[in-house]
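Q: Provided below are the primary sequence and the corresponding predicted coordinates.
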Amino acid sequence: MLAFALPARAQDDVPELTQQRQSYKLARIALTTGQTQVFEALKSQLTDYPLYPYLVYEDLKRRLGSAPQTEIERFIEAYADTPLAYQMLGVWLYELYDQDRWTTFLDAYDGRADPTLQCYAQRARVRTGDLNGVIEATKQLWLVGYSQVSACDRLFEWFASQQAFTDEIVWARIDLAMQNGNPALAGYLAKKLDASDRAWVALWERAYTDPRGALAAPVLRFDNVLTRKIVADAVLQLTDQDVGVGKTAWENLRADYEFATEQQNRVARDIALLSAYRHDPRAPAWLAALPASAVNDDVRTWQARAAMRDSDWLALKNAVESMQDTSEEPLMWQYWHAKALEHTSQPTRARQLYRNLAKERDYYGFLAADRLKVEYTIESKPLIENKAAVGALMEIPGVRRAYELLRVGAEIDARREWNHLLTRFDVEKKKQAAVLASTWGWHADAIRTVALIEEFDDLELRFPTPYGDDVTQFAQARGLDPAWIYGVIRRESAFAASAISSAGAQGLMQLMPTTANLTAQKAGLPVPGAGAVFDPRHNIELGSAYLRELFDRFGGNMAVASAAYNAGPYRVQEWLPDNRTLPADAWVETIPYYETRGYVQAVLAYTAVYERKLGRAPVRLAERMEPIPSANQAFARR
């Protein structure tokens, strides 16, 4: 216990802790390989080690099918202030269901939002005869626009036995599936309907796969609620294929049906917005032609963006001023309002907006500073002054466990402990926790913790510079600015070397396995084996090589290369302007993907911050953001 009075990093060298970590790892191996006696012997030596509860948990989980109920309940009670209690209850509930212990399951169930357990709970009520409200609860579980988990199948079989699958409820779910863009599910659900209704659903499915053919169907000559939905969806799918064709189809068809105002507005708005996303020259006119009842913040935003792309400064000024009170991105609109004023002979008002904005440490703040030719605001303010309080956090058992879990390579469990702690910490303790995590080198969670409390001024904490030798080496090898590589890492993973995205991107620079392999081959590097991309040095080597490849492909244009790193080069090539050159700020602002738009802005701003962190005066974004050439120019065809 005495060791935890030491600073976190110093604890790595304490012989007692070093031995306990090794014994803990050996105990986990012994349990996994069935060496029960070895496990018990090692566990008995670790009763004062912070991760002892994890050994108890793993042992009990292994014996869950035969362990006495009292032992499980004692564990949940004893470790109620840890994530392990919640995890144990979860696995126990699954075990109780598998054992048909319905009453015990219902007594233990905590109502957690796990669809499998929600279905299990309703089935347990059926099996115990407690049917009050079960029909309605099951209906709500079934009425979703996606395929429900297979664990619900037996509950839904009971639901069917109660003659609960009326045509009304089936049609309601088909409607949800179509709203969710899931025509395949709608087709599956149609099997519960009669032949006539199945034919209607088949036509609705066809609206997604063959909208022209669907719209030509003779039955759509009749006007009713269902034909309106099919026509509207077919028109939108046709618009997705060709905005002009879709727009013409809508103009020709809308008068033939008694569409509700809301439905008319949705279709007209979606057509106009899709034309704007694709930078169709007709978009400004189509957006302007929308009835007032169809205009929302998306419409106003893309009216402004279309004006940016066309350098129509008066239209931009009017669009921004129409949304000043409703915008959720005031810095963005301050910048574009100022630029519109600057180009409509109102320089005094423009400079005042720029001056206010230039105080911000932000993409738009930096752009405003460029317009004024003043220094960027990049000052760091320590999150806390009392560093002694940070060390005191190590006296908290959950903090000790999180630290030890990191030391033994169990980062997922460490993050569970950390999240559990954060729900109980006040703002001051969260500040201390962020600083502590940073001293551990756990930068991603330090950054995430300050974001939770919206504290953004400690740049030492928010913009760390680990892996400095690797970043410098591979930046030099590839002829890249190390600040840019740091900016990409900061945005991609926030320095979480083990990060995996939902799409499968891996490591510090979030490389897809296929991209990593192709990049290695092109760069003459060894093709990474399984898990190799998670090695920080190897990830930075491959990521910097890929970044250089994109930089070259797009003519040394940093904004376009950054966008391509996020969204892929082929998609970005589609976003390049036709037959003209665009200012880079307008091009970035009109990237149709919200994620990529924010990504490019963040990487550019982070690069400036990292230049300062690396001891250099930041290159102005106005210099880095070179004009964007048209898609038919040389670099886009490489």
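A: Noted; the coordinates are in hand. No experiment lies behind these values; they were computed from the predicted model shown.

Q: After the helix or strand where Thr116 lies, which helix or strand is next?
A: Using DSSP states H and E, Thr116 sits within helix 115-128. Next in sequence after helix 115-128, counting helices and strands by DSSP H and E, comes helix 134-142.

Q: For the residue nearest to Ala608 when sequence neighbours are not counted, what are phi and psi?
A: Spatial nearest neighbour of Ala608, excluding adjacent residues (CB to CB, 6 or more residues apart in numbering): Pro618 at 4.0 Å. All C-beta atoms are positioned from the backbone trio N, CA, C, and that covers glycine. Phi and psi for Pro618, reported as degrees, to the nearest 10, are phi -60, psi 140.

Q: Pro618 and Glu611 touch, don't they?
A: Yes. Between Pro618 and Glu611 there is a contact under CB atoms under 8 Å: 4.2 Å.

Q: how far away is the residue nearest to Ala608 from Leu604?
A: 10 Å (CB to CB, to the nearest Å).

Q: now do Gly34
A: With distances taken as CB to CB, Gly34 is found 55 Å from Leu604.

Q: Same drill for those two, tell me which one is more crowded.
A: Shown here are Gly34 and Leu604; by other CB atoms under 10 Å, Leu604 has more neighbours (24 against 9).

Q: Pull the residues that contact the helix or strand that contains that one.
A: Assigned by DSSP H and E, Leu604 belongs to helix 594-613. The set of residues external to helix 594-613 that reach it, using CB atoms under 8 Å, 6 or more residues apart in numbering, is 361-363, 366, 376, 378, 459, 463, 465, 481-484, 486-488, 490-491, 558-559, 562-563, 566-567, 588-589, 591, 617-619, 621, 624-625.

Q: Now Ile500, what are its backbone angles?
A: phi -130, psi 130.

Q: So this protein: which segments form each domain?
A: 210-295, 312-377, 387-459, 468-637 (automatic domain parsing).

Q: nearest to Leu89, of those?
A: domain 387-459 (14.0 Å; CB to CB).

Q: Which elements pack onto the worst-scoring helix or strand of the chain on mean pLDDT?
A: None of the helices or strands of the chain scores lower by mean pLDDT, DSSP states H and E than helix 387-392, at a mean of 87. On a contact count with 3 or more CB pairs under 8 Å, 6 or more residues apart in numbering; DSSP states H and E, helix 387-392 meets helix 427-440.

Q: does the closest residue to Trp336 other than its chain neighbours count as helix, strand or coil?
A: Excluding the flanking residues, the one nearest Trp336 by CB to CB, 6+ apart is Val320, at 5.7 Å. With DSSP: H, G, I helix; E, B strand; the rest coil as the basis, Val320 sits in helix.

Q: and if you look at Leu46?
A: coil.

Q: residues in contact with it?
A: With contact taken as CB under 8 Å, 6+ apart, Leu46 is in contact with Gln20, Ser23, Tyr24, Ala27, Tyr52, Leu55.

Q: measure the fifth one to Ile76 for me?
A: In this structure, Tyr52 lies at 16 Å from Ile76, with CB to CB as the measure.

Q: still on that earlier bit, what residues of the helix holding Thr116 count as buried?
A: Residues of helix 115-128 classed as buried: Thr116, Leu117, Gln118, Cys119, Tyr120, Ala121, Gln122, Arg123, Ala124, Arg125, Val126 (neighbour count, 16 or more other CB atoms under 10 Å).

Q: quick check, nearest of these to Ala433?
A: In terms of CB to CB, no member of these lies closer to Ala433 than Leu117, at 30.9 Å.

Q: who's in contact with the closest one?
A: If you count contacts by CB under 8 Å, 6+ apart, Leu117 has them with Gly90, Leu93, Tyr94, Tyr109.

Q: what about Tyr208, helix or strand, and which?
A: Taking DSSP H and E as the definition, Tyr208 sits inside helix 195-209.

Q: Need the residues touching each of Pro618 and Leu604.
A: Counting by CB under 8 Å, 6+ apart, the shared contacts of Pro618 and Leu604 are Phe366.

Q: Which residue, other than its chain neighbours, is closest to Leu26?
A: Leu42 (5.8 Å).

Q: Contacts only, for that neighbour.
A: Contacts of Leu42 (CB under 8 Å, 6+ apart): Ser23, Tyr24, Leu26, Ala27, Ala30.

Q: Just the buried residues out of these, in PyMOL syntax.
A: Here is the PyMOL command that picks out the buried ones among those, judged by 16+ other CB under 10 Å:
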select buried, resi 23+24+27+30
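
Q: Out of the contacts of Leu42, list just those in helices.
A: The members of the contacts of Leu42 that map onto helices under DSSP state H are Ser23, Tyr24, Leu26, Ala27, Ala30.

Q: What helix or strand is the nearest residue to the fourth one once chain neighbours are set aside located in?
A: Closest residue to Ala27 in three dimensions, ignoring its sequence neighbours and counting by CB to CB, 6+ apart: Leu42, at 3.9 Å. For Leu42, the element it lies in under DSSP H and E is helix 36-44.

Q: wait, isn't Phe456 in contact with Val450?
A: Yes. In this structure, Phe456 is within contact of Val450 by CB under 8 Å, at 6.9 Å.

Q: Give me the common contacts of the two.
A: With CB under 8 Å, 6+ apart as the test, Phe456 and Val450 both reach Arg462.

Q: With neighbour numbers in mind, choose between those two.
A: Each of Phe456 and Val450 has its neighbours counted (other CB under 10 Å); Val450 has more, 23 against 15.

Q: Can you check the pLDDT for the nearest residue to the more buried one once chain neighbours are set aside?
A: Leaving aside its chain neighbours, Val450 sits nearest to Ala434 (4.7 Å; criterion: CB to CB, 6+ apart). pLDDT recorded at Ala434 is 98.
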